[in-house]
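Visitor: Build me a model:
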Amino acid sequence: MEVLAMYKADDYGVHIWWSEEDKVFVAQVIDMPGIMAHGDTREQAAHEIQVALEFALAVYYEEDRMPPAPMKHSLLA
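Guide: Next comes the predicted model:
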């Protein structure tokens, strides 16, 4: 299978929130809900989700599968 669109981790939206139950920041890839990470700080959670997402994308491509397409997300302030 030829991959025509190579998505990068930066193409995906990420949601980060504080989990009072777990006492950590939780990060989740919006278009791949199964990809999650956490950290003691928002910055650490953001870093860890990028690592997890890059790994997940590498697995997709190694297995010659197309990952879910990233959707355009915007956060309203």
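
Visitor: ranges for the strands of this protein?
Guide: Listed in chain order, the strands of the chain (DSSP state E) span 14-19, 24-29, 32-39.

Visitor: So for A69, which of those sits nearest?
Guide: The minimum distance between A69 and the strands of the chain falls on strand 32-39, with 10.5 Å, by CB to CB. For glycine as for every other residue, the C-beta is placed from the backbone atoms N, C-alpha and C.

Visitor: Which neighbours in the sheet does the closest one have, and how are they oriented?
Guide: Partners of strand 32-39 in the sheet, by DSSP bridges, are strand 24-29 (antiparallel).

Visitor: which residues sit against the partner strand?
Guide: Strand 24-29 is contacted by residues 12-19, 35-42, 44-46, 48-49, 52-53, 56 when judged by CB atoms under 8 Å, 6 or more residues apart in numbering.

Visitor: May I see the strands of the chain organised as CSV, with mean neighbour count added?
Guide: Below are the strands of the chain laid out as CSV (neighbours: other CB atoms under 10 Å):
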stretch, mean neighbour count
strand 14-19, 14
strand 24-29, 20
strand 32-39, 16
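
Visitor: Give me the local confidence score for the residue most central in space within the chain.
Guide: Residue closest to the mean C-alpha point of the chain, counted by CA atoms, centre = their mean, is V29 at 3.4 Å. V29 carries a pLDDT score of 97 in this model.

Visitor: Thank you kindly, that will do.
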